[in-house]
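**Q** Any chance you could fold what I've pasted below:
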Amino acid sequence: MEVSKIIPDHLKDTLVEVRYSSQIPFELAIGRFFDALDDTYFYSASSFNQPPKFVNSEQRREINFKFEKVCHFASNEIHLECRPNSFIFNASRSRDGKTNYKGWNAYLPKIEDILTTIQGTKVITDYKWLGLRYISEHPDVSLMHACKLDLKLPQLIGGTLFGHNHKYEIKRSDLNILISLSELNENNNIISLIDIDVNKEIETNPELPDLMNMLDHIHNAEKSIYFDILKEEYKAEHEIIYSNGNIES
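**A** Here you go, the predicted model:
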């Protein structure tokens, strides 16, 4: 029976990137995005490596879009980073700094809602590329305990080992997949990271529902690989939710 979710999910970052083409300068596009998104989204031009200083629509006079090459919009549910020709979503980051990932069935419609709003600005001419990167952090767990390191996945074309870092690449007809498994030691505390990056070039400009179907396909590929990587003994240490809704704890 297919595993749908484990609890806790250990997700540190849930990144989705959508690349697009536009004929409008980015500094003008930012203003349109700001006008289109509702008041639940706060704006910041600071790097996300620093604490963002978000402002709302009533503080518009404080904003100067002229020289910005990256900006952020964040609600209490999702973080959106805007770069020239790229949107990067993260449901594990939010304006209040909390991890608020509520699962794919809540995340995908949120992405679609935002892109529907942004499409109304007439900034996007076509979509070019889709990527999904989920990073899970497993504290006090070694890679050997959590993961199958001798992976035997379909279309696996290579793997490399650097100390406690394992990297694998999978090429499918429509997807490129990179897997990174690493074990860190921070202040004598072991942390294992599982980083799965799935991306796809878009050959024809899809309508938004088709784009969301592509993204759902990418997520299904990531989820399948993730649960294939985890050892059965490690999964058994979690509450397991199966695709039919059954729960095992």
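**Q** For residue 131, list each beta-bridge partner.
**A** Counting by DSSP bridges, residue 131 is bridged to residue 17, residue 199.
**Q** now do the one 5 residues further on
**A** Assessed by DSSP bridges, residue 136 has beta-bridge partners residue 11, residue 194.
**Q** Neighbours of it, how many?
**A** 21 (other C-beta atoms under 10 Å). C-beta here means a position set from N, CA and C on the backbone, and glycine is covered the same way.
**Q** elements contacting the lengthiest helix in the chain?
**A** Of all segments of type helix in the chain, defined using DSSP state H, the longest is helix 208-229. In terms of contacts (3 or more C-beta pairs under 8 Å, 6 or more residues apart in numbering; DSSP states H and E), helix 208-229 is packed against strand 3-7, helix 104-119, strand 126-139, strand 176-186, strand 189-201.
**Q** Restricting to C-alpha, output the last one in CSV.
**A** Going back to what we said before, that points to strand 189-201. Taking Å, rounded to 0.1, in the frame of the first residue of the first chain, the C-alpha atoms of strand 189-201 are listed here in CSV:
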residue,chain,number,x,y,z
ASN,A,189,24.4,16.4,17.4
ILE,A,190,23.8,14.4,14.3
ILE,A,191,21.4,15.8,11.6
SER,A,192,20.5,13.9,8.4
LEU,A,193,19.3,15.9,5.4
ILE,A,194,17.4,14.5,2.5
ASP,A,195,17.3,16.9,-0.4
ILE,A,196,15.2,15.9,-3.5
ASP,A,197,15.1,18.3,-6.5
VAL,A,198,12.8,17.5,-9.4
ASN,A,199,12.6,19.8,-12.4
LYS,A,200,11.1,19.9,-15.9
GLU,A,201,11.6,22.0,-19.0
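**Q** Measure how far that strand is from the centre of its chain, please.
**A** Relative to its chain's centre, strand 189-201 lies at 10 Å (C-alpha atoms, centre = their mean, to the nearest Å).
**Q** Surely residue 95 and residue 75 touch.
**A** Yes: at 6.1 Å, residue 95 counts as touching residue 75 under the criterion of C-beta atoms under 8 Å.
**Q** Spit out the residues that contact those two alike.
**A** With contacts taken as C-beta atoms under 8 Å, 6 or more residues apart in numbering, residue 95 and residue 75 have residue 42 as neighbours in common.
**Q** how close does the closest residue to residue 110 other than its chain neighbours get to residue 91?
**A** Nearest residue to residue 110 in three dimensions, chain neighbours excluded: residue 78, at 5.6 Å (C-beta to C-beta, 6 or more residues apart in numbering). Distance check for residue 78 against residue 91: by C-beta to C-beta, to the nearest Å, it reads 5 Å.
**Q** ok, now residue 29?
**A** 23 Å.
**Q** Just want to know which of these two has more residues nearby.
**A** Remark: of residue 29 and residue 91, residue 91 carries more neighbours, 24 against 21, as counted by other C-beta under 10 Å.
**Q** Contact partners for the residue nearest to residue 235 when sequence neighbours are not counted?
**A** In space, and not counting its chain neighbours, residue 235 is closest to residue 6: 6.1 Å by C-beta to C-beta, 6+ apart. By C-beta under 8 Å, 6+ apart, the contact list for residue 6 reads 227, 230, 235, 238, 239, 240, 241.
**Q** I'd like those residues laid out as a markdown table, including distance to residue 126.
**A** Formatted as a markdown table, the contacts of residue 6 follow (distance: C-beta to C-beta, whole Å):
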| residue | distance to residue 126 |
| --- | --- |
| 227 | 34 |
| 230 | 37 |
| 235 | 41 |
| 238 | 41 |
| 239 | 42 |
| 240 | 41 |
| 241 | 37 |
